[in-house]
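>>> With the sequence up front, the predicted model follows.
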Amino acid sequence: MAIQSSVKSGQLLLAEPFMIDPHFRRTAVLLCEHDQEGSLGLILNKPTGLSITDVIAEFPKFEAPVFYGGPVHGDSLHFIHDVGDLLEDSLQIADGVWWGGDFDTLKFLIASELLTPERIRFFVGCAGWSGGQLEEELKYGSWIAVPMDANYAFRSEPNELWSQALSNKGNRFEIIAEIPEYVSWN
């Protein structure tokens, strides 16, 4: 039975402006999986300050940043990219955005310089919701679903992504995007 929801895999979830949870405050989460069993997403705008070679010792020399994907499975590594046609076993989740793929092929593409750092994002951990949990959070206004654009993942500055995607939704969301993160700074 298909899940009845206004949100689907491949969309971007934007945290409501006053979310208190430090894991998700002002985050933009790419929803990678969503069905009746639950949901999995990756936070696109929380860089860790680490490079992939800091995280994996046996990796080709590659200066790609690692992002905090979320508080679930902190020992897992995920990646999204725009080379789904070259990376077998990857899953297209939005136009121009693929998730995962064969790791040995990934390392080969990097070593061969067929994949550059601006075409891939690595994540430690992920965001996860049990079945029905995300729908409840959406119902209470914790998240704003917007269409995903590959530029959000690969070209937007992480510290500007949340307000950029919210502003692109238009209307009242343009105003909400301008609300300062900490009102006392206003």
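Ah, there it is. Numbers count the residues shown, from 1 in each chain.
>>> Now do the same contact list for residue 129.
Residue 129 makes contacts with 38, 39, 40, 137, as judged by C-beta atoms under 8 Å, 6 or more residues apart in numbering. From N, CA and C alone the C-beta is placed, and that goes for glycine too.
>>> try it again with 7 Å
Residue 129 sits next to 38, 39 when contact means C-beta atoms under 7 Å, 6 or more residues apart in numbering.
>>> One more: the one 5 residues further on?
Remark: with contacts taken as C-beta under 7 Å, 6+ apart, residue 134 is in contact with 7, 34, 39.
>>> In JSON lines, list those along with neighbour count and pLDDT.
Formatted as JSON lines, the entries for those read as follows, by neighbours: other C-beta atoms under 10 Å; pLDDT from 0 to 100:
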{"residue": "7", "neighbour count": "18", "pLDDT": "88"}
{"residue": "34", "neighbour count": "22", "pLDDT": "95"}
{"residue": "39", "neighbour count": "27", "pLDDT": "97"}
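>>> And those, which is closest to residue 99?
When the contacts of residue 134 are compared for distance to residue 99, the smallest value, 12.6 Å, is given by residue 34; criterion: C-beta to C-beta.
>>> Give me the subset of the contacts of residue 134 that lies in strands.
For the contacts of residue 134, the ones inside strands are 34, 39, with DSSP state E as the criterion.
>>> now the contacts of residue 134 in a markdown table, with distance to residue 56?
Listed next are the contacts of residue 134 as a markdown table, based on distance: C-beta to C-beta, whole Å:
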| residue | distance to residue 56 |
| --- | --- |
| 7 | 32 |
| 34 | 28 |
| 39 | 27 |
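>>> of the contacts of residue 134, closest to residue 157?
Closest approach between the contacts of residue 134 and residue 157, by C-beta to C-beta: residue 7, at 25.1 Å.
>>> Quick check: nearest residue in space to that closest one, chain neighbours excluded?
In space, and not counting its chain neighbours, residue 7 is closest to residue 145: 4.6 Å by C-beta to C-beta, 6 or more residues apart in numbering.
>>> element containing that neighbour?
When secondary structure is defined using DSSP states H and E, the element that contains residue 145 is strand 143-147.
>>> elements contacting that strand?
Counting by 3 or more C-beta pairs under 7 Å, 6 or more residues apart in numbering; DSSP states H and E, the packing neighbours recorded for strand 143-147 are strand 11-15.
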